[in-house]
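> Any chance you can model this:
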Amino acid sequence: MRRLTLYVPGLEGPAVELTDNDMPDAPALRQLLSRARRRQLSEQDYYRQLAGLLGLETSADKDVPVAAVTRLIDGEDHPGGLWMRADPVHLSADRDRLLLIDAAVFTLSQHDALAVATEAKQVLDLEGWRMEVPFPDRWYIQLEADPEITTSDPYRAGGRDVDTHLPSGPGGTRLHRLLNEIQMQLFDADINREREARGELPVNSLWFWGVGELPDVLPRQWSAVYSDDPFARGLAMLSMTPSHPVPGSAAKLLDGAAPEADILVTLEDCRLAARYADLPRWHDAVAALEQHWFAPLLEALREDVVQSLTVVTSGREFRLRHSDLKKFWRRQRPLPQLLEAGAT
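Okay, the predicted model is just below:
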C-alpha cells in the first residue's frame, strides 16, 4: 500500500492532564509517534477535520453541511435544498447549568425515537417544519429558508454546558424559543415516563446543527475510504470514492490491498470516551487500537508493506515512512507529551 491515513479523533484523550500512569501499555503507538514527523494542526473540530480530509472546503463562519451529506446516506432521494439535523438529546441538570448528553451514549430504539418525534412535531408543525426520523439518533428538518444561525455539533458540545453551544446569529433567538417549547412538550411525555421507569434517560430536547446544502461533486482524494461515519461515507459518495465499513483490524485491511492504494480509515474508538472524559473507556479503546491497528502497522512499515503512514488526531498529524523507523536519534517520548494537543 502506498499511503495509509488513520483519522483517530480522541486519541489524545480527555481534556485533562494525563500522566504516564494514565496511559495504556501501547509500545507500538509510542514508537510510531516518536519516530514520526509531527505537525500541529490549526483545525481540531471533528467534522471540519473530516471534511478537509475528504476534499470539502468549509468556512469558519458557517456550519459544516453535515445534515445534507448524511441525509444523502440516510434517505431514499437526493437531498436538494437546505437541511438541518435535529437530533434527540438528553439535558442533564448539573448545579446551575445543563449538560448535553447526545444519543451516541444512551439507548434509543426506533420505536422510542418515533414516539419522541411525535411529541416534538407538535411544536415543529406550527413552524411549518417537517421532520424526518430515518434512524434513532439522526433526525432531519428540510428548511424553506436560511435560519441564519451557526451551531455546534453534539460531539463538540457533548458533556458541556449547553448555554455556551446554543445556536448563534440573527436567527438564534427563534431557535432558542423553539427549543424551550420542545423541552416543555417533552417534559411530561408518556414515552419519557416509560423510559425513566425502565432506567433509561429521557429524551428531553432536540439539538439543531449541521445546517447547509449538499456540496457539489468533490475532488477524489483516496482510492478508498473505510469509515462507519455516515458523514464520511456521504463525502466519499460525492467524490465517487469507494467506501466500506471499518474492518476489525489492520491485517484485514492490508489483506489484498493494492500496492498503489491511497486509503483513509476513520477509527472512532476513542472519540466519545475522550469527549465525556471517561478515562477507563478511553484506556480500553487505546489498548484495542494498539493490538489491532498500531502493532500490525508498525510491522507493516518495517516490512515496507505500507510505504507511508499518517495518524491524524484532534490536533496533531504524525507522518512516517519505512525509513523513519531507523532514525534512532528521534528518541521515544512519553505518550502524554506526544499526544498533547489541547483537545476541544
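
> where along this protein do the strands fall?
For the chain, the strands defined by DSSP state E cover 3-7, 37-40, 82-94, 97-102, 130-135, 138-143, 205-213, 224-226, 243-244, 262-266, 308-312, 316-321.

> tell me the most buried of these?
Of the strands of the chain, the one with the most neighbours on average (mean count of other Cβ atoms under 10 Å) is strand 205-213, at a mean of 24. (C-beta placed from N, C-alpha, C; glycine too.)

> Sheet-wise, list the partners of that strand with their directions.
Applying DSSP bridges, strand 205-213 is found paired with strand 82-94 (antiparallel).

> Only alpha carbons, please: show the strand it pairs with as PDB.
The C-alpha trace of strand 82-94 is given here as PDB (Å, rounded to 0.1, in the frame of the first residue of the first chain):
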ATOM      1  CA  LEU A  82     -31.300  23.300   2.800                       C
ATOM      2  CA  TRP A  83     -31.200  20.800   5.600                       C
ATOM      3  CA  MET A  84     -30.600  20.800   9.400                       C
ATOM      4  CA  ARG A  85     -30.100  18.000  11.800                       C
ATOM      5  CA  ALA A  86     -32.500  17.900  14.800                       C
ATOM      6  CA  ASP A  87     -31.100  15.100  16.900                       C
ATOM      7  CA  PRO A  88     -32.600  13.700  20.100                       C
ATOM      8  CA  VAL A  89     -30.600  14.500  23.200                       C
ATOM      9  CA  HIS A  90     -30.800  14.500  27.000                       C
ATOM     10  CA  LEU A  91     -30.100  17.600  29.000                       C
ATOM     11  CA  SER A  92     -28.800  16.800  32.500                       C
ATOM     12  CA  ALA A  93     -29.000  19.300  35.300                       C
ATOM     13  CA  ASP A  94     -25.600  20.000  37.000                       C
END
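
> just to revisit the earlier point, dump the strands of the chain into CSV; add distance to Q183 as well.
As requested, the strands of the chain are arranged in CSV below (distance: least, Cβ to Cβ, whole Å):
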stretch, distance to Q183
strand 3-7, 34
strand 37-40, 40
strand 82-94, 7
strand 97-102, 10
strand 130-135, 16
strand 138-143, 16
strand 205-213, 5
strand 224-226, 37
strand 243-244, 37
strand 262-266, 33
strand 308-312, 37
strand 316-321, 38
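
> now these in a markdown table, with mean pLDDT and distance to H283?
Listed next are those as a markdown table, based on pLDDT from 0 to 100; distance: least, Cβ to Cβ, whole Å:
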| stretch | mean pLDDT | distance to H283 |
| --- | --- | --- |
| strand 3-7 | 97 | 19 |
| strand 37-40 | 91 | 23 |
| strand 82-94 | 96 | 24 |
| strand 97-102 | 94 | 21 |
| strand 130-135 | 96 | 30 |
| strand 138-143 | 97 | 29 |
| strand 205-213 | 97 | 28 |
| strand 224-226 | 98 | 24 |
| strand 243-244 | 97 | 28 |
| strand 262-266 | 98 | 21 |
| strand 308-312 | 97 | 18 |
| strand 316-321 | 94 | 20 |
